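1. Make a model of this:
(chains A, B, C and D)
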Protein chains: 2
Amino acid sequence: MDAHVRRLESLVALLKEKGCRVTPQRLAILRVLTQSRGHPSAEQVHARLARQYPTMSLATVYKTIALLKQAGEILELQFSDLGNRYDGRRPHPHPHVICTRCGSIVDADAPLLDDAAERVSRETGYAIAAHRLDFFGLCPACLKKDAARKAS
Amino acid sequence: MDAHVRRLESLVALLKEKGCRVTPQRLAILRVLTQSRGHPSAEQVHARLARQYPTMSLATVYKTIALLKQAGEILELQFSDLGNRYDGRRPHPHPHVICTRCGSIVDADAPLLDDAAERVSRETGYAIAAHRLDFFGLCPACLKKDAARKAS
DNA sequence: GTCATTGCAAAGCATTTGCAAGTCG
DNA sequence: CGACTTGCAAATGCTTTGCAATGAC
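-> Residues are numbered from 1 along each chain as shown, chains lettered A, B, ... in the order given. So this is what the prediction gives:
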């Protein structure tokens, strides 16, 4: 069984435990969130469901995301320029790489930041609970377009 | 001469070089941005200038910030829930620690992320130009309030 | 049958933009 | 003086909320 199917089922189980109803809309939204590697926005999740669920409301997408956020089962990457992006596959902090031209977001392997969190905690007196590490630059596709433009 | 005064003057010089006018409003905004350790929002910058410049417009604050952003002379920390915060003192990437209760933001010392950027670049094919490292948790003041509440 | 959830529309916020009036150089 | 800047107000874009109708259990 694929990992994302298992994850989907664990999220459905979680909703049931909490006494939440598992509606077709929620199920569809969870499916998109657990399967998307691309860190979609709420808008993009909604768009992907538009054909199959023509009456699906963007508000419902936001409400379902809020539910998952509360449960700590989704990672929210806040950007004021790109809009918020969501990672429903790996809810725990891990580094991301963001293209400053096209907005694409990919995962990176985790540099060892857990001991850094402890160091920062000692240094500042904050009780560190989470972190966020983003790298910004041009993605391979945008780099290629740049090279092509320069060559012409 | 204090470091922030030197920084203020270098920003003024930069504006002149670019052919921008150094208006009293811009000067005041630069002064707040180069002196604030607290990573203020545009709103907060505006509020701090309200007494001295009663007609100061929030739009002018935003426009001045945009100018500095273009010049790479201000660090913008995007948060969709707190609103964007600005660091005009140290425009180059460095780690921040954010209180998830009261929103206070302080600087942390930089764990060595420059070689990490190179590693991520090799790993993903992105040309990394910048990064952002945030730690989230409760600040000492909020922790103290929690302890007091628990004790009562 | 109940009560949570949906979908629409309206409201909310932070930020940006258009433009007439003002002012720096 | 002329071009750039200001300040107001309107517009924008993302997200949240109110509420009547719907549907899961």
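2. Is residue A:28 inside a helix or a strand, and which specific one?
-> Following DSSP states H and E, one finds residue A:28 within helix A:24-35.
3. Let's see that helix as PDB, backbone CA atoms only.
-> Extracted in PDB, the C-alpha atoms of helix A:24-35 (Å, rounded to 0.1, in the frame of the first residue of the first chain):
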ATOM      1  CA  PRO A  24     -17.100  13.700   0.200                       C
ATOM      2  CA  GLN A  25     -15.700  17.200   0.100                       C
ATOM      3  CA  ARG A  26     -13.300  16.600   3.000                       C
ATOM      4  CA  LEU A  27     -12.300  13.300   1.600                       C
ATOM      5  CA  ALA A  28     -11.400  14.800  -1.700                       C
ATOM      6  CA  ILE A  29      -9.500  17.700  -0.100                       C
ATOM      7  CA  LEU A  30      -7.500  15.200   2.000                       C
ATOM      8  CA  ARG A  31      -6.800  13.200  -1.000                       C
ATOM      9  CA  VAL A  32      -5.300  16.200  -2.800                       C
ATOM     10  CA  LEU A  33      -3.400  17.300   0.200                       C
ATOM     11  CA  THR A  34      -1.900  13.900   0.900                       C
ATOM     12  CA  GLN A  35      -0.900  13.300  -2.700                       C
END
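4. Give the other helices and strands that the helix or strand harbouring residue A:98 contacts.
-> Element membership for residue A:98 (DSSP H and E) is strand A:96-99. Under the contact criterion of 3 or more Cβ pairs under 8 Å, 6 or more residues apart in numbering or on different chains; DSSP states H and E, strand A:96-99 touches strand A:105-107, strand A:127-138. Every residue, glycine included, has its C-beta placed from N, CA and C.
5. List, one by one, the residues from chain A near chain B.
-> Neighbours of chain B within chain A, by Cβ under 8 Å from any Cβ of the partner chain: A:78-81, A:83-84, A:95, A:97, A:99-100, A:106, A:108-109, A:111, A:113, A:116-117, A:119-121, A:123-140, A:143.
6. which residues does the closest residue to residue A:129 other than its chain neighbours contact?
-> Spatial nearest neighbour of residue A:129, chain neighbours left out: residue B:137 (4.6 Å); criterion: Cβ to Cβ, 6 or more residues apart in numbering or on different chains. Listed by Cβ atoms under 8 Å, 6 or more residues apart in numbering or on different chains, the contact set of residue B:137 reads A:121, A:126-130, B:97-100.
7. next one: phi and psi at the residue nearest the centre of chain A?
-> The centre of chain A sits closest to residue A:87, judged by Cα atoms, centre = their mean, with a distance of 1.8 Å. Backbone torsions of residue A:87, given as degrees, to the nearest 10, read phi -120, psi 100.
8. For it, give its distance to residue A:132.
-> Per Cβ to Cβ, to the nearest Å, residue A:87 is found 11 Å from residue A:132.
9. which residues are in contact with both of these two?
-> With contacts taken as Cβ under 8 Å, 6+ apart, residue A:87 and residue A:132 have residue A:77 as neighbours in common.
10. and the longest helix belonging to chain A, how far out from the chain's middle?
-> Using DSSP state H, we find that the single longest helix of chain A is helix A:3-17. Chain-centre distance of helix A:3-17: 17 Å, with Cα atoms, centre = their mean, to the nearest Å.
11. just stretch A:23-37 next, same as before
-> So, by Cα atoms, centre = their mean, the centroid of stretch A:23-37 is 12 Å from its chain's centroid.
12. Could you do stretch A:87-98 as well?
-> Computed by Cα atoms, centre = their mean, the chain-centroid distance of stretch A:87-98 equals 6 Å.
13. How far does it stretch from one end to the other?
-> This stretch, stretch A:87-98, spans 13 Å end to end (Cα to Cα, to the nearest Å).
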